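In: here is the input, now give the coordinates:
(one chain, ligands or ions: 2)
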Amino acid sequence: MTTHALVLATKNRGKIEELRALLRGLDIQVLGLGDVIQRPFDVVEDGATFEANALKKARAVAAATTMLTLADDSGLEVDVLGGAPGVRSARYAAEKATDAQNNDALVAALMAHATVGGRGPYKARFRCVLALVDPFVKNGEPFVVDGTCEGTITTQPRGTNGFGYDPLFVASGSEKTMAELSDDEKNRISHRAQAFAKMRLVIEKVLAERDEAIRKVCG
Ligand SMILES: O=c1nc[nH]c2c1ncn2[C@H]1C[C@H](O)[C@@H](COP(=O)(O)OP(=O)(O)OP(=O)(O)O)O1
Ligand SMILES: [Mg+2]
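Out: Ligands and ions are numbered 1, 2, ... in the order given. All right, here's what the predicted structure looks like:
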């Protein structure tokens, strides 16, 4: 059997850990950007949607590596903030903001909303778009899926697991913030897990097709 490989087109350590766990059941070697690109590599995320940015990241890394590539663009939408931070989630407080700075900015925005009479619970959702690009499929369309996790935002951060806005997000049906869940618990309900559930069969199909193509050439 051939050992296939897939590169994750992300620099976010939290995403890498979660995607690695989700991919664990598949017979595939998972590589990070640093394993395959030994030079500075940045993709400007100027798309208006999660879809556009996920596609841009996947295409850029597939072109740079010639490898099967999986990219993730994700973020948080808060209803009373008109869907912000949305596609700007990683840059909500500032360009290159830390997670802590973004969390502080989100709490400040909700506090400002409260002073004009707004009240919680603040309905919100995490959204994730995954894009898979296979650079060797002729005229191949990328495969794109999405996942959503509904919940509310608390203005008192709790927990140390996960990453990003996890300490402020309480998923519907849970009492805990996402940062208070174990890795396995988060990976059962998260937007990323929902999207991956739709992606999994497609990756399996790509691997099966590659096995078949390789058998034809190599016997
Ligand atoms: O499960 C999550 N739990 C908490 N926060 C999350 C989650 N998923 C996305 N987020 C937040 C983090 C970041 O503020 C933004 C993603 O921004 P996004 O551009 O997709 O990722 P990124 O710049 O960190 O890494 P990269 O572009 O290299 O994949 O949404
Ligand atoms: Mg990014």
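In: quick check: the residue most central in space within the chain vs ligand 1, distance?
Out: Geometric centre of the chain, nearest residue: Asp72, 3.9 Å, by C-alpha atoms, centre = their mean. Computed as C-beta to the nearest ligand atom, to the nearest Å, the Asp72 to ligand 1 distance reads 5 Å. Bear in mind the C-beta positions are built from the backbone N, C-alpha and C, glycine included.
In: same thing with Gly120?
Out: Looking at Gly120 against ligand 1, where the rule is C-beta to the nearest ligand atom, the gap reads 19 Å.
In: before we move on, what about Val80?
Out: According to C-beta to the nearest ligand atom, Val80 stands 18 Å off from ligand 1.
In: run a quick neighbour tally on that residue.
Out: With neighbours defined by other C-beta atoms under 10 Å, the count for Val80 comes to 17.
In: quick one on the thing from earlier: dump whichever strand or helix holds the residue nearest to the centre of the chain to PDB, restricted to CA.
Out: Under DSSP states H and E, the secondary-structure element containing Asp72 is strand 69-78. The C-alpha atoms that make up strand 69-78 are tabulated as PDB, following Å, rounded to 0.1, in the frame of the first residue of the first chain:
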ATOM      1  CA  THR A  69      -3.600  20.300   0.600                       C
ATOM      2  CA  LEU A  70      -6.300  21.000   3.300                       C
ATOM      3  CA  ALA A  71      -6.900  24.600   4.400                       C
ATOM      4  CA  ASP A  72      -9.100  26.000   7.200                       C
ATOM      5  CA  ASP A  73     -10.600  29.500   7.400                       C
ATOM      6  CA  SER A  74     -12.700  30.000  10.500                       C
ATOM      7  CA  GLY A  75     -14.000  32.500  12.900                       C
ATOM      8  CA  LEU A  76     -16.600  33.800  15.300                       C
ATOM      9  CA  GLU A  77     -19.900  35.600  14.400                       C
ATOM     10  CA  VAL A  78     -21.700  37.500  17.200                       C
END
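In: what about it and ligand 2, touching?
Out: No - for strand 69-78, no contact with ligand 2 is found by C-beta under 5 Å from the ion; the gap never falls below 6.9 Å.
In: show the subsequent helix or strand relative to that strand.
Out: Counting by DSSP H and E, what follows strand 69-78 is helix 99-115.
In: and that following helix with ligand 2, contact?
Out: No - contact between helix 99-115 and ligand 2, assessed by C-beta under 5 Å from the ion, is absent, since the two come no nearer than 12.0 Å.
In: got the contact list for that helix?
Out: Contact partners of helix 99-115, identified using C-beta atoms under 8 Å, 6 or more residues apart in numbering, comprise 76, 78, 80-81, 84-85, 89-90, 92-94, 97, 118, 120, 122, 153, 155, 157, 163-165, 167-168.
In: list only buried entries from these.
Out: With burial judged by 16 or more other C-beta atoms under 10 Å, the buried subset of the contacts of helix 99-115 is 76, 78, 80-81, 84-85, 89-90, 92-93, 97, 122, 153, 157, 164-165, 167-168.
In: how about the strands in the chain?
Out: Listed in chain order, the strands of the chain (DSSP state E) span 4-8, 28-32, 69-78, 122-133, 143-153, 169-171.
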